[in-house]
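K.L.:
pasting a predicted model and its sequence here:
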Amino acid sequence: MSTTITKIDPESIEFKTELEKTIKFTDKVCTQFGFTYNPDAEINQGIQLGLTRNKLMHGKRYCPCFFITGNKEEDRICPCKPALEHEIPEDGVCHCQIFCTPQYAAAQAKTEELQVVTHQHSRGLSTEECEFLLQKRNIDADELTSLFEARELGMVTFKVVDVREWMEWKSGRIEGVDALVPTSSFFQTLTEAQLKNDENLVVYCHVGSRSAHCQRILTDMGYLKVSNLVGGIVAYHGKITRG
């Protein structure tokens with residue numbers, strides 16, 4: 001693993017102490033604004049871990065779903081203004097998906113229940129279908145699962161790049177991921193990853209925001225075929241590697 005990646009131990013006393021403060025903080029946000037947590041506990045835990053990580057790394061609870069630029073006007077501190085003024089009132093949920101209206105949470109719980117009941121695996125992809133998918137700017141979790149199956153059969157080649165932080169990587173990553181290029185040390189670790197600008201790349205993060213930002217950067221740098229996993233690892237129901 002690269003020496004330029006910042007490693008924060010989630011098992012340390014310092015982290016656990018700060019995590020307790022973060023949980024109390026998100027509890028307070030829910031109470032203050034009448035929000036409720038997302039019915040998916042893994043989403044809430046992931047965001048709380050990310051907020052804790054950012055507090056330790058940057059001194060503030062920046063939203064973990066966004067690239068931290070150092071620009072005070074752009075960087076989002078939880079609960080961020082766009083979430084309070086637009087996202088939750090209009091969509092029922094903030095971008096990071098931890099804070100919801102009670103109505104949204106109830107509807108989401110029902111939707112997830114139905115998805116578990118009705119989900120079916122599709123047939124295998126053809127080579128042409130694989131190539132088509134990898135030309136898309138955005139792919140979903142089912143499409144990535146099918147692409148993994150096709151890659152195992154030697155039908156297609158591509159690399160999956162995780163742009164979250166080392167701590168998130170250790171907690172759980174998509175099985176089959178090829179490189180870790182954290183947003184906090186993006187350009188340094190990108191060089192070390194030795195990705196070719198003409199190969200098929202799929203980038204992902206927690207819910208798809210940071211990876212979308214990194215996708216734009218890679219495209220501007222001349223990488224020709226970069227797809228973003230919509231919904232990030234939260235939306236992925238395939239195998240997860242931990243540790």
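P.N.:
Noted; the coordinates are in hand.
K.L.:
and this protein, what are its domain boundaries?
P.N.:
For the chain, automatic domain parsing gives the domain ranges 13-116, 127-241.
K.L.:
find the residue at the geometric middle of this structure.
P.N.:
Nearest to the mean C-alpha position of the chain, by CA atoms, centre = their mean, lies H206 at 1.5 Å.
K.L.:
how about the nearest residue to it, chain neighbours excluded?
P.N.:
Leaving aside its chain neighbours, H206 sits nearest to G232 (4.8 Å; criterion: CB to CB, 6 or more residues apart in numbering). For the C-beta atoms, the positions are set from N, CA and C on the backbone; glycine is no exception.
K.L.:
residues near that neighbour, how many?
P.N.:
As a burial measure, G232 scores 27 neighbours (other CB atoms under 10 Å).
K.L.:
contact partners for it?
P.N.:
Applying CB atoms under 8 Å, 6 or more residues apart in numbering to G232 gives the contacts Y204, C205, H206, V207, G208, S209, S211.
K.L.:
ok, back up a step: assign a three-state SS to the residue nearest to the centre of the chain, would you?
P.N.:
coil (DSSP: H, G, I helix; E, B strand; the rest coil).
K.L.:
where are the low-confidence patches of the chain?
P.N.:
Applying pLDDT under 70 to the chain flags residues 1-3, 111-123.
K.L.:
name the single longest helix found in the chain.
P.N.:
The single longest helix within the chain, with elements called by DSSP state H, is helix 13-33.
K.L.:
downstream of that helix, the next helix or strand is which one?
P.N.:
As assigned by DSSP states H and E, the chain's next helix or strand after helix 13-33 is strand 36-37.
K.L.:
who does that following strand pair with, and is each partner parallel or antiparallel?
P.N.:
Sheet pairing of strand 36-37 (DSSP bridges) gives strand 99-100 (antiparallel).
K.L.:
need the winner for burial among the domains of the chain.
P.N.:
domain 127-241 (a mean of 18; mean count of other CB atoms under 10 Å).
K.L.:
tell me how far that one lies from the chain's centre.
P.N.:
Relative to its parent chain, domain 127-241 has a centroid offset of 11 Å by CA atoms, centre = their mean, to the nearest Å.
K.L.:
stretch 26-40 now?
P.N.:
Mean-position distance between stretch 26-40 and its chain equals 21 Å (CA atoms, centre = their mean).
K.L.:
need the residues that contact that stretch.
P.N.:
By CB under 8 Å, 6+ apart, stretch 26-40 touches 44, 47-48, 51, 78-79, 84, 88, 93, 97-102, 105, 108-109, 112, 234.
K.L.:
where along the chain do the helices fall?
P.N.:
Using DSSP H, the helices of the chain run over 13-33, 41-58, 81-82, 88-91, 102-118, 127-133, 141-152, 166-171, 186-193, 209-220.
K.L.:
turn those into TSV, columns for distance to F66.
P.N.:
Shown next, in TSV, are the helices of the chain (distance: least, CB to CB, whole Å):
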stretch	distance to F66
helix 13-33	17
helix 41-58	10
helix 81-82	10
helix 88-91	16
helix 102-118	21
helix 127-133	27
helix 141-152	21
helix 166-171	14
helix 186-193	13
helix 209-220	6
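K.L.:
of those helices, which is nearest I5?
P.N.:
Among the helices of the chain, helix 166-171 comes nearest to I5, with 4.8 Å by CB to CB.
K.L.:
now for that closest one, which elements pack on it?
P.N.:
helix 41-58 (3 or more CB pairs under 8 Å, 6 or more residues apart in numbering; DSSP states H and E).
K.L.:
so the helix it packs on versus helix 209-220, what angle?
P.N.:
Relative orientation of helix 41-58 and helix 209-220, computed by axes from the mean of the first three to the mean of the last three CA atoms, to 10 degrees: 70 degrees.
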